[in-house]
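1. the amino acid sequence is not available; the structure is as follows:
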C-alpha cells in the first residue's frame with residue numbers, strides 16, 4: 001500500500017527541481033555576486049528554462065532565501081492553530097524547536113546567505129521585509145493573548161522581543177563559524193545550547209506578557 005503521507009512522483013520531481021535551482025543559484029551568487037548573476041545563467045546551470053526559474057522563484061531575492069516563505073507559512077499556521085490555553089509564545093517555542101533540525105541541515109547554506117547579506121543591501125532589505133511580516137503575525141497573536149488591539153504598544157513590543165530570539169541564534173551561529181574547527185562543540189551539544197538559548201529568551205518574553213496580563217486584570 002502506498003504511503004498516503006508521501007508526496008507523489010510529480011510533486012517529488014517538482015521539489016527536486018526547486019531544490020536544484022536554489023542550490024545552483026546560491027553557488028553562482030557566492031562565486032559571482034548577486035547582481036552579476038543572471039536568471040539565464042541560473043537556468044543553464046540547473047538545466048531548466050529561465051521561465052521555469054521564474055515560475056518557482058518570481059523574485060530573484062527568493063533564490064537566496066528559498067525556505068523563508070515556507071517557514072513563515074508554517075509559523076502562521078502554528079500560531080493560528082494553537083490549542084486551548086496555549087499562548088502565542090508557547091506556539092513560537094514549539095515552531096522553533098521543530099525548525100532547529102532543518103536549520104542544522106542548512107548550516108552551509110546559512111553561511112553563504114550571511115556572506116551575501118553582508119555585501120548586498122537589497123538582500124538585507126528583502127530579509128527585513130520578511131521579518132516585518134513575521135512581526136505582524138506575532139503582533140496579531142500576542143494581541144489576542146492580551147485581549148488588546150494589534151495597534152497597541154504592548155503587543156508590538158512583545159513581538160519585537162520575540163523576534164530578537166532569531167538575532168541571538170544568528171549571533172551564536174556567527175560565533176561558532178569564527179571558531180577553529182577543533183574548538184567547535186559537537187552537533188548535539190550545539191543543538192542543546194540553541195534550545196537552551198531559545199527557551200531562556202522566550203521565557204523572558206512570556207514572563208513580560210504574563211505581567212502585562214496581570215496588570216490589566218488588576219486595573220479592571
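-> That came through fine. All figures in this text were calculated on a predicted structure; none of them were measured in a lab.

2. how far out from the middle of the chain is the top helix by length along the chain?
-> In the chain, with assignment by DSSP state H, the single longest helix is helix 187-219. Computed by CA atoms, centre = their mean, to the nearest Å, the chain-centroid distance of helix 187-219 equals 19 Å.

3. if you count neighbours, what's buried in that helix?
-> Buried residues in helix 187-219, counted by 16 or more other CB atoms under 10 Å: 190, 194, 198, 201, 202, 205, 206, 209, 212, 213. For the C-beta atoms, the positions are set from N, CA and C on the backbone; glycine is no exception.

4. excluding covalently adjacent residues, which one is nearest to the fourth one?
-> Which is residue 201. Nearest residue to residue 201 in three dimensions, chain neighbours excluded: residue 165, at 4.5 Å (CB to CB, 6 or more residues apart in numbering).

5. got the angle for whichever strand or helix holds residue 108 vs helix 187-219?
-> Here residue 108, judged by DSSP states H and E, is contained in helix 107-119. Per axes from the mean of the first three to the mean of the last three CA atoms, to 10 degrees, the angle that helix 107-119 makes with helix 187-219 is 60 degrees.

6. could you list the domains of this protein?
-> 1-63, 67-219 (automatic domain parsing).

7. comparing the ones you listed by mean pLDDT, which bottoms out?
-> Of all the domains of the chain, the minimum mean pLDDT falls on domain 67-219 (a mean of 82).

8. first-to-last residue distance for it?
-> For domain 67-219, the first and last residues are 44 Å from each other (CA to CA, to the nearest Å).

9. now that domain: how far from the chain's centre is it?
-> Offset of domain 67-219 from its chain centre (CA atoms, centre = their mean): 8 Å.

10. how many neighbours does residue 74 have?
-> Residue 74 has 14 neighbouring residues, counting by other CB atoms under 10 Å.

11. for it, give me the backbone phi and psi.
-> When quoted as degrees, to the nearest 10, the phi and psi of residue 74 stand at phi -60, psi -40.

12. grab the nearest non-local neighbour of it.
-> Leaving aside its sequence neighbours, residue 74 sits nearest to residue 95 (CB to CB, 6+ apart; 6.6 Å).

13. also residue 209?
-> Closest to residue 209 by CB to CB, 6+ apart is residue 158, at 5.5 Å.

14. so what's the residue count around the one you found?
-> Residue 158: 25 neighbours (other CB under 10 Å).

15. tell me which element it is part of?
-> helix 153-178.

16. elements contacting the longest helix of the chain?
-> Using 3 or more CB pairs under 8 Å, 6 or more residues apart in numbering; DSSP states H and E as the contact test, the elements touching helix 187-219 are helix 88-105, helix 121-146, helix 153-178.

17. angle of that helix against helix 88-105?
-> Using the same axes, to 10 degrees, helix 187-219 lies at 160 degrees relative to helix 88-105.
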